[in-house]
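Peer 1: Attaching a predicted model along with its sequence, questions to come.
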Amino acid sequence: MIPAHPVGNGAVFDTAAAEAFEQLAAWYACAAEELTTIRASNGASEVRCWPHHFDIAVLIEPGASQSIGVGLEPGDGDYDEPYFYVNIHPAPSPDALDERLSGNGRWHTRDWIGAVLTGSRITADSGQRTQIRQFLESAIAIARSVLAHTPAGATSR
């Protein structure tokens with residue numbers, strides 16, 4: 001959740017940190033591009049900004065009561081930096097996530113289950129978009145495989 005802030009009580013929004021806003025805009029632009037591609041190749045929902053976390057994401061629904069969320073979170077209580085994620089519903093057991101993620105991603109298993117690629121794990125070479133795409137594609141493929149082996153009617157932990 002977005003924490004309480006003086007702007008919520010009528011204070012003027014401070015735009016003095018122009019560089020930080022430019023960086024945030026670049027993260028969202030990158031995510032919007034990648035998510036638009038994912039939407040086209042996976043029959044996902046429209047790209048949306050979700051107000052409860054301010055993440056930009058799409059939702060893939062591979063089966064009844066199953067979903068794969070794919071997006072970018074600008075930072076939160078779990079990670080103090082932007083990160084791409086792929087989460088799975090119903091949430092699998094962490095033991096089901098033995099496959100290695102591409103693109104230097106890792107599995108997140110505290111409070112929610114999903115794949116994460118934090119900004120600090122994205123290499124600083126010219127292949128950043130390739131790395132992000134490889135991470136997202138591998139995580140989506142693993143999520144689809146996990147859900148294909150989830151018994152009908154299973155619920156999240």
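Peer 2: Looks like it arrived, so ask away.
Peer 1: pLDDT below threshold where in the chain?
Peer 2: 1-2, 126, 151-157 (pLDDT under 70).
Peer 1: mind running it again at 50?
Peer 2: Residue ranges of the chain with pLDDT under 50: 156-157.
Peer 1: Sketch out the helices for it, chain order is fine.
Peer 2: Using DSSP state H, the helices found in the chain span residues 18-42, 128-148.
Peer 1: Single out the most deeply packed of those.
Peer 2: Comparing those by mean neighbour count (mean count of other C-beta atoms under 10 Å), helix 128-148 comes out on top with a mean of 19. Just so you know, the C-beta spots here come from the backbone N, C-alpha and C atoms, and that holds for glycine as well.
Peer 1: what does it contact?
Peer 2: 30, 34, 37-38, 42, 60, 62-63, 66, 68, 70, 84, 86, 88, 92, 96-97, 99, 101-105, 114-115, 117, 122-123 (C-beta atoms under 8 Å, 6 or more residues apart in numbering).
Peer 1: Now distance to Pro6 too, for the helices of the chain, in JSON lines please.
Peer 2: What follows is the helices of the chain, written out as JSON lines (distance: least, C-beta to C-beta, whole Å):
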{"stretch": "helix 18-42", "distance to Pro6": "17"}
{"stretch": "helix 128-148", "distance to Pro6": "34"}
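Peer 1: Quick one: closest of these to Asp76.
Peer 2: helix 18-42 (13.6 Å; C-beta to C-beta).
Peer 1: Tell me what angle the closest one forms with helix 128-148.
Peer 2: For helix 18-42 against helix 128-148, the angle by axes from the mean of the first three to the mean of the last three C-alpha atoms, to 10 degrees is 50 degrees.
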